[in-house]
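Q: Mind folding the following:
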Amino acid sequence: MSFFYAIVFYFLSLLITLPFLKFLKFSVARFTSLFLLTLTSFFLGHLIAFKVVFYAILILTILLLAYLIYSKYRLTLDKSETIFACVFFFFIFLRFLNPSIFDAEKFMDMAFMNSILKSPSLPPNDPFFASEKLNCYYYFGHMLGAGIILLSFAPPEIGYNIAVAAIPAYTALLVYGIFESNRKIALIAMIFVAFSGNAYSFVDLLHRPFSGGLDFLYYWNSTRMIEGTINEFPYFSFIHADLHAHVFAIPMKIFFVSLLLLNEKRIRVLLPLTLFAIFATNSWDYPIMLLLSIVYALSIRDKDILVYSLVSLPLVAFYYTTMNLPKTEIVFSVDKSALLEFLGYSATLLILAYLVYLISDKKPLFYSIPIALPFYLLSPILPVLIPLLVCSAYGVYKKDRASALVLTAMICFILPEFVAIDSRLNTVFKFYLCAWILLAIGAVMKLKIEDLRREAKLIVAVLLIASLVYPLVATPLRYNYSFAEFTLDGMSFTKRYGEYEAIQWLKEKDGAIIEEGCTHGYYCAYQYGGRVAVFTGNPTVVAWTGHEFQWRRNYSAIAERAGDVREFYTSKDCNEMTRILEKYNVSYVFFGYEERRLFGSELAIEKCFEKVFESGNAKIFSALRKD
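A: Numbers count the residues shown, from 1 in each chain. Model (predicted):
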């Protein structure tokens with residue numbers, strides 16, 4: 001039954017694409033339809049519930065399609081739709097094997113999307129901090145996920161996994177669309193951008209027979225090879241299946257690149273809107289993509305692109321003033337990436353870039369190599385990057401569009417060696433992921449496969465083989481067929497705790513709840529606590545305290561709430577328990593596996609409050625006192 005919702009999303013998302021074919025080519029129209037529906041709902045959702053606005057706009061879009069059909073306007077599907085379909089259903093299959101929304105950041109992401117769907121207006125309620133709003137985090141990407149859920153008409157715990165499959169499908173189609181004039185190059189681009197591992201994963205596989213063989217950590221280790229940082233690449237993010245901000249930002253960045261490369265005046269209004277949405281999704285990417293637009297405008301000598309891109313600045317500035325964000329600290333970084341560790345992340349793409357510039361711009365490359373060597377004293381990775389920085393800057397001067405992407409990618413690699421925004425860990429993480437996408441697209445844009453000599457073709461083939469090792473080996477490790485669940489219900493794992501039916505019952509209710517939300521410790525997160533808020537969309541008094549501190553930087557308020565939750569579940573005084581519930585305007589008390597594990601018996605709660613639901617190991621009580 002859950003698979004049916006995936007089919008609904010696939011055909012409905014395809015249907016709403018058709019009206020946009022009047023203005024855009026298919027690969028771009030496919031994502032534009034979801035993007036504009038969500039963005040319009042985002043603006044209007046500050047007045048009306050997001051779900052209501054989204055479905056209203058969906059109906060208008062379908063009416064527009066009906067009018068176009070009635071007017072006998074020719075709307076035809078493109079063969080590239082097979083790319084979207086194949087990638088989408090491949091990832092649906094993977095999530096069908098292991099649909100669990102539990103590990104890593106999945107609780108947070110599911111909680112955000114459920115809160116967006118259930119809140120009466122935007123900004124949505126903070127699911128982990130009842131009575132407060134989620135204006136302390138960038139959530140537009142999660143609105144894209146919520147939009148996918150609405151298009152599927154699925155329960156959110158199923159829709160989450162449909163969104164997991166949709167993001168790589170949109171990504172693949174957008175990359176294909178950039179290179180669709182040459183299918184062979186398009187396939188190469190899709191592999192390097194979205195379906196490849198890094199060089200470390202290839203070396204790690206060769207080393208495994210001598211170090212105990214393959215295990216689950218093979219899929220993970222390739223993203224942690226640079227000490228003290230995170231080093232994700234798109235395919236890892238896709239199979240890891242966290243719907244975090246940086247994951248939603250992957251197709252959005254490629255969408256923006258597609259708009260730049262299309263260079264059609266009638267759609268340039270989408271440039272500032274996309275830049276704004278990128279900021280509202282993953283603010284790290286905004287200055288990078290704005291820089292890209294500036295460099296790209298210089299490369300093709302088009303001031304209109306520059307003007308349209310700069311229009312995003314007041315939009316971003318206004319939105320920023322509505323947020324309640326902790327102060328951002330920009331510091332000089334003393335830590336540097338070790339050369340071998342850096343090459344473990346970037347070598348395959350850097351070799352490809354060196355190859356294409358060796359063919360097209362040999363002189364600047366050779367002249368810059370000896371100049372770059374002394375920069376090793378500043379950072380071990382600079383001698384590798386400066387020749388490409390010089391070549392791409394020269395390419396921009398020579399009006400080479402691809403060089404604009406490569407130049408921006410080089411800047412993304414270099415900046416974290418000297419500057420950290422809040423932490424080097426996250427700066428490297430976000431900047432390197434952006435560099436991966438831009439470098440892969442830029443390098444492939446300069447690749448003329450038919451004109452390559454035999455030796456160059458062999459190098460490209462070796463790079464492709466090395467890149468494909470990770471998807472071929474890591475995917476079955478991440479999604480083990482022997483443990484397959486054969487459902488898309490990401491909440492089904494709660495049946496093991498005897499709480500599935502209780503959470504389902506509470507999904508239909510409104511009001512704040514109290515539960516054990518991971519209240520034991522400053523960095524408390526990534527545990528089972530908070531699961532009721534996650535899957536119901538009802539805000540809990542406090543959960544995931546470590547994350548809340550990162551967002552709010554108000555330890556005293558967080559500690560007070562955590563203390564009140566512990567006091568409530570350990571107290572035997574009905575008056576004290578009632579005081580705590582009234583303090584946070586709680587409607588329902590949840591007592592299940594986690595509460596029993598940490599606090600023991602529920603007898604005191606049963607004595608004081610009316611039980612309204614019981615199933616399995618879970619009980620739900622009204623916040624109203626017994627007579």
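Q: Only C-alpha atoms from now on, for both contacts and neighbour counts.
A: Fine.
Q: centroid residue for the chain?
A: V247 (1.9 Å; C-alpha atoms, centre = their mean).
Q: Can you tell me, leaving aside adjacent residues, what's nearest to that one?
A: Taking C-alpha to C-alpha, 6 or more residues apart in numbering as the measure, V247 lies nearest to S237, with 6.5 Å between them; neighbours along the chain are not counted.
Q: Could you list the residues in contact with the host helix or strand of the one you found?
A: When secondary structure is defined by DSSP states H and E, S237 falls within helix 234-240. The set of residues that contact helix 234-240 without belonging to it, under C-alpha atoms under 8 Å, 6 or more residues apart in numbering, is 91, 164, 167-168, 193-197, 219, 223, 247, 250, 433, 471, 475, 478.
Q: Please flag which of these sit within helices.
A: 91, 164, 167-168, 193-194, 219, 247, 250, 433, 471, 475, 478 (DSSP state H).
Q: buried sites along stretch 55-65?
A: Within stretch 55-65, the residues that qualify as buried are 55, 57-58, 61-62, 65, counting by 16 or more other C-alpha atoms under 10 Å.
Q: Sorry, wrong one. I was asking about stretch 288-304.
A: If you call a residue buried by 16+ other C-alpha under 10 Å, then stretch 288-304 has these buried ones: 288-300.
Q: repeat for stretch 391-402
A: Neighbour-count burial for stretch 391-402, counted by 16+ other C-alpha under 10 Å, picks out 391-397, 399-402.
Q: want to throw these into JSON lines with distance to H46 and secondary structure?
A: Listed next are these as JSON lines, based on distance: C-alpha to C-alpha, whole Å; DSSP: H, G, I helix; E, B strand; the rest coil:
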{"residue": "C391", "distance to H46": "47", "secondary structure": "helix"}
{"residue": "S392", "distance to H46": "43", "secondary structure": "helix"}
{"residue": "A393", "distance to H46": "43", "secondary structure": "helix"}
{"residue": "Y394", "distance to H46": "46", "secondary structure": "helix"}
{"residue": "G395", "distance to H46": "44", "secondary structure": "helix"}
{"residue": "V396", "distance to H46": "42", "secondary structure": "helix"}
{"residue": "Y397", "distance to H46": "44", "secondary structure": "helix"}
{"residue": "K399", "distance to H46": "43", "secondary structure": "coil"}
{"residue": "D400", "distance to H46": "42", "secondary structure": "coil"}
{"residue": "R401", "distance to H46": "39", "secondary structure": "helix"}
{"residue": "A402", "distance to H46": "39", "secondary structure": "helix"}
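Q: wait, which of the residues you listed is closest to I330?
A: A393 (26.3 Å; C-alpha to C-alpha).
Q: What's the end-to-end length of stretch 447-456?
A: End-to-end span of stretch 447-456 (C-alpha to C-alpha, to the nearest Å): 10 Å.
Q: ok, A443 touching V356?
A: Yes - in this structure A443 lies within contact range of V356 using C-alpha atoms under 8 Å: 6.8 Å.
Q: Comparing the two, which residue is more hemmed in?
A: A443 (24 against 21; other C-alpha atoms under 10 Å).
Q: give the contact list for the residue nearest to the centre of the chain.
A: For V247, the contacting residues are 167, 234, 237-238, taking C-alpha under 8 Å, 6+ apart as the criterion.
Q: Please apply the same query to F342.
A: Under the criterion of C-alpha under 8 Å, 6+ apart, the contact partners of F342 comprise 226, 381.
Q: Is it in a helix, a strand, or coil?
A: Remark: F342 carries the secondary structure label helix [criterion: DSSP: H, G, I helix; E, B strand; the rest coil].
Q: distance of it from V384?
A: 10 Å.
Q: And for T82?
A: Remark: distance between T82 and V384 (C-alpha to C-alpha) = 38 Å.
Q: Compare neighbour counts for those two and give me the winner.
A: Neighbours per residue (other C-alpha under 10 Å) separate T82 from V384, with V384 holding more: 19 against 11.
Q: where exactly do the strands run in this structure?
A: If DSSP state E is used as the criterion, the strands of the chain fall at 330-332, 419-421, 512-514, 586-591, 609-615, 618-625.
Q: how many degrees apart are the fourth one and strand 618-625 in direction?
A: Spelled out, it's strand 586-591. Strand 586-591 and strand 618-625 meet at an angle of 140 degrees, taking axes from the mean of the first three to the mean of the last three C-alpha atoms, to 10 degrees as the criterion.
Q: do the fifth one as well
A: Computed with the same axes, to 10 degrees, the direction of strand 609-615 lies at 160 degrees from that of strand 618-625.
Q: Between the two ends of stretch 605-622, how far is it?
A: With C-alpha to C-alpha as the measure, the ends of stretch 605-622 fall 10 Å from one another.
Q: now do stretch 43-51
A: Across stretch 43-51, the terminal residues are separated by 13 Å (C-alpha to C-alpha).
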